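Q: build me a structure from this.
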Amino acid sequence: MSGSPPPTGGFVRRVGLFQATAINMSQMCGIGPFVTIPLMVTAFGGPQAVLGFVAGAVLALCDGLVWAELGAAMPGSGGSYVYLRQAFQYRTGRLMPFLFVWTAMLFIPLIMSTGVVGFVQYLGYLAPGLGRTPGDLIGLGVIALVVILLWRGIEHIARITAVMWTVMISSVLLVIAAAAGHFSPHLAFTYPADAFDLTGDHFWTGFAAGLTIGIYDYLGYNTAAYMGAEIKDPGRILPRSVLFSILGIMAIYLLLQIGTLGVVDWHRMTDPGDIAATSVASAVLERTWGRGAADTVTVLILITAFASVFTGLLGGSRVPYDAARDRVFFRLYERLHPRHRFPTLGLATMGAITAVGFLIGRHTDLATLIQLLTTVMVIVQALAQIVALSVLRRRQPTLRRPYRMWLYPLPSAVAFAGWCVIYGYADRNSPGHHPVEWSLAWLALGCLAFAVWARLERAWPFGAKEIAEEYVTAAPAPDTERAGT
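A: Here you go, the predicted model:
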C-alpha cells in the first residue's frame, strides 16, 4: 500500500479554488435555466414551479456532499470512475468502473448536446428566420470550436474559463436586475386552485418531472472532481468548490425563476408558439428594457451556453483517460497530447458524440432528451456512487479523508431517495419514449461489452480480482482529518 496518493499520470496541478468553482458554476449555469424555466412551469402547471428548483437544490446539496468526501479522499482524474473502482473491486472486479465509463461516454455528451440545442434556440431570437438546416450547421460549428479551444494546455483553459464565468454571471444578473425593476407579485404568486393538492397524482407527477429538470439544471457541481489530478490542494479545494458552486447557483436560480414569473405571465411559457416558451430570458428583457437590451443579453446568454459546453467537455474528456490508464477501458484512450498533456481521444470522442446528440435533440423534444440522459446516469453513477461512499468507509477505514460528510448518512439517504424518484417517474413523464427501457438496454449492452473485454484481458470473472488500495494511508494525519471544511 502506498502512503501517499498515486501519481497524477502526467497532469499538472494548476487549478485553484476560484478556477475550480468557476468551472463548476459555468457548467451548472449554462443555457439550462434559460431553456428549462418554461419546461418547469409546464410540468407543475403554474408559478409553483419554483418548488422544482428548490427540490433540485436539495438533491444537489446532498449528492454534492457525497462528491465532496470522495473527491477529497481520492483526487484522481476521472471522478466517479476512481470512486467506483475503489469501492466495488472487492466483489465485482472492474465491472462497475467499466460500466461507469460506458455510460459516461453517453450521458456526458448528451448533457453537452442540450446546451448546444439551447444555444441554437436562443440564436433564433436574434435571427427569427433561422431555418432548421442553418441551425444544425451552426450548432455543429459551435461544437467544433469548443474542441479546438480545448486542444490547448490547462493553463490557458483556466484563464479562458475565468473570463467565461464572468460573462455567465453578468448575463444572469442582468436578467435578474431587469425582472426586479418590473416585478409583479400578482404574476409571480397567483397559483391555480389545485397547485398544492397533495392528494392527487397530478402534483406528484409534476413534482417528479420538476425534480428531474431541477437536477439537470444543477448538474455540473461535480465537474472539477473529474479533474482531481489537476486541482491544487484537492483535499481542501474540491469540497469547497462543490459546495460554493451549489449554494451560489441555488441563489441565482431562485432569483431568476421568481423574477421571470413576476414579469412574464406563466401561461405564455406553456404556449409552444410564444417567444416566452423558447427564449424566456429574452422575453423578459424585451418587456422591461426594450429590444436593444434583449438582443445584448441574448448574446451574453449565447456565450454562457458556449461556456457550459466548454467546461463540460473539459471535465468529461478526462473520464476515459483514467480508466484506460488502469486497463479498464480501451487502451487508446490513455494517450495524452505530447505537449499540452490532455487526453486527445477522449476529447475527440466526446465531441463527436455531442454532435450526434445535438442532431438528435434538434429533431426530438428537449424534455425527453433530459429524461433520457438523466436515467442513463442514475444507476451506475448516482446510486452506485452513494453506495460506494458507505462501502469505502467500511472497506477502507484508514483512507485519509480531509473532508467528511456532515450528518452522515442522512444526506446519502436523501440523495438516494431523490434519484429513485427521478428514475421511477421517468417513463410516466416521457410517454412513448421509454427512457427507463433505453437506459436498461444501454446498461445491458455495457455488461455484454464488459464480458467481451474481460475475456480478452483475462480479468474477473475470467481471471483473478486485482485489489489495489492505492489511496489508502496507514495512518491518517489528524490535523487534516476534519469534518465539514
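
Q: low-confidence ranges in the stretch 301-450 of the chain?
A: 337-338, 340-341 (pLDDT under 70).

Q: let me see the ranges of the helices in it.
A: 319-325, 344-362, 366-377, 384-395, 410-424, 426-429, 435-457 (DSSP state H, counting those that start in this stretch).

Q: what would these look like in TSV with distance to residue 121?
A: Any C-beta I mention is one placed from the backbone N, CA and C, and that applies to glycine too. Shown next, in TSV, are the helices of the stretch 301-450 of the chain (distance: least, Cβ to Cβ, whole Å):
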stretch	distance to residue 121
helix 319-325	28
helix 344-362	9
helix 366-377	8
helix 384-395	32
helix 410-424	24
helix 426-429	21
helix 435-457	21
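
Q: need the winner for burial among the ones you listed.
A: Among the helices of the stretch 301-450 of the chain, the stretch with the highest mean neighbour count (mean count of other Cβ atoms under 10 Å) is helix 319-325, at a mean of 26.

Q: setting aside sequence neighbours, what's the nearest residue to residue 185?
A: residue 262 (6.7 Å; Cβ to Cβ, 6 or more residues apart in numbering).

Q: isn't residue 74 up against residue 84?
A: No - applying Cβ atoms under 8 Å as the test, residue 74 and residue 84 come out as separate, 10.5 Å apart.

Q: closest to residue 188 out of the helices of the stretch 301-450 of the chain?
A: Residue 188 lies closest to helix 366-377 among the helices of the stretch 301-450 of the chain, at 23.1 Å (Cβ to Cβ).

Q: quick one: that closest one to helix 435-457, angle?
A: 40 degrees (axes from the mean of the first three to the mean of the last three Cα atoms, to 10 degrees).

Q: tell me what helix 366-377 is packed against?
A: Helix 366-377 is packed against helix 32-44, helix 95-126, helix 201-218, helix 344-362, helix 410-424, helix 426-429, helix 435-457, with contacts defined by 3 or more Cβ pairs under 8 Å, 6 or more residues apart in numbering; DSSP states H and E.

Q: let me have those in JSON lines, extended by distance to residue 68.
A: Below are those laid out as JSON lines (distance: least, Cβ to Cβ, whole Å):
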{"stretch": "helix 32-44", "distance to residue 68": "22"}
{"stretch": "helix 95-126", "distance to residue 68": "19"}
{"stretch": "helix 201-218", "distance to residue 68": "14"}
{"stretch": "helix 344-362", "distance to residue 68": "25"}
{"stretch": "helix 410-424", "distance to residue 68": "10"}
{"stretch": "helix 426-429", "distance to residue 68": "27"}
{"stretch": "helix 435-457", "distance to residue 68": "26"}
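
Q: which stretch among those comes nearest residue 19?
A: helix 344-362 (18.7 Å).

Q: and that closest one, what does it pack onto?
A: Against helix 344-362 (3+ Cβ pairs under 8 Å, 6+ apart) you get helix 95-126, helix 132-150, helix 291-316, helix 319-325, helix 366-377.

Q: quick one, what contacts residue 252?
A: Residue 252 makes contact with 29, 172, 176 under the criterion Cβ atoms under 8 Å, 6 or more residues apart in numbering.

Q: so which of those wins on neighbours?
A: residue 29 (27 neighbours; other Cβ atoms under 10 Å).

Q: isn't the residue nearest to residue 185 right next to residue 187, touching?
A: Yes - the criterion here is Cβ under 8 Å, and residue 262 meets it with residue 187 at 5.3 Å.

Q: quick one: residues contacting residue 37.
A: Counting by Cβ under 8 Å, 6+ apart, residue 37 touches 49, 256-257, 260, 269, 280.

Q: try it again with 6 Å
A: 260, 280 (Cβ atoms under 6 Å, 6 or more residues apart in numbering).

Q: tell me the spacing between it and residue 279.
A: Look at residue 37 and residue 279: by Cβ to Cβ, to the nearest Å, they are 11 Å apart.

Q: what do you get for residue 168?
A: 17 Å.

Q: give me the buried positions along stretch 201-219.
A: Going by neighbour count (16 or more other Cβ atoms under 10 Å), the buried part of stretch 201-219 is 203, 206-219.

Q: so which bits of stretch 183-190 are buried?
A: For stretch 183-190, by 16+ other Cβ under 10 Å, it's 183, 188.

Q: low-confidence ranges, the stretch 51-200 of the chain, go.
A: Checking the stretch 51-200 of the chain against pLDDT under 70 turns up 77-78, 152-161.

Q: hmm, try it at 80
A: 76-79, 129, 152-165, 168, 200 (pLDDT under 80).

Q: any idea which helix or strand carries the nearest residue in space to residue 293 that is not next to it in sequence?
A: Nearest residue to residue 293 in three dimensions, chain neighbours excluded: residue 285, at 5.0 Å (Cβ to Cβ, 6+ apart). For residue 285, the host element (DSSP states H and E) is helix 280-288.

Q: who touches that helix?
A: So helix 280-288 is in contact with 34, 37-38, 125, 175, 178-179, 182, 260, 263-264, 275-276, 293-294, 297-298, 301, going by Cβ under 6 Å, 6+ apart.

Q: stretch 365-373 too?
A: Residues contacting stretch 365-373 (Cβ under 6 Å, 6+ apart): 39, 107, 110-111, 114, 216, 361, 426, 430, 433, 435.

Q: if we use 7 Å, what do you get?
A: 35, 39, 107, 110-111, 114, 117, 212-213, 216, 361, 426, 429-430, 433, 435, 438 (Cβ atoms under 7 Å, 6 or more residues apart in numbering).

Q: list the residues that contact residue 175.
A: 256, 281, 284-285, 297.

Q: gap between it and residue 257?
A: From residue 175 to residue 257 the distance is 11 Å (Cβ to Cβ).

Q: then residue 370?
A: Distance from residue 370 to residue 257, by Cβ to Cβ: 17 Å.

Q: just to revisit the earlier point, out of the helices and strands packed on helix 366-377, which is closest to residue 398?
A: It is, among those and with distance given as Cβ to Cβ, helix 410-424, at 20.8 Å.

Q: using CSV, write out every CA atom in the closest one.
A: C-alpha atoms of helix 410-424 as CSV (Å, rounded to 0.1, in the frame of the first residue of the first chain):
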residue,chain,number,x,y,z
LEU,A,410,-28.7,11.4,6.2
PRO,A,411,-27.6,13.3,3.1
SER,A,412,-26.8,10.0,1.4
ALA,A,413,-30.2,8.6,2.2
VAL,A,414,-31.9,11.8,0.9
ALA,A,415,-29.9,11.8,-2.3
PHE,A,416,-30.6,8.1,-2.9
ALA,A,417,-34.4,8.6,-2.5
GLY,A,418,-34.3,11.6,-4.8
TRP,A,419,-32.6,9.7,-7.6
CYS,A,420,-35.0,6.8,-7.2
VAL,A,421,-38.0,9.2,-7.6
ILE,A,422,-36.5,10.6,-10.8
TYR,A,423,-35.9,7.1,-12.2
GLY,A,424,-39.3,5.8,-11.1
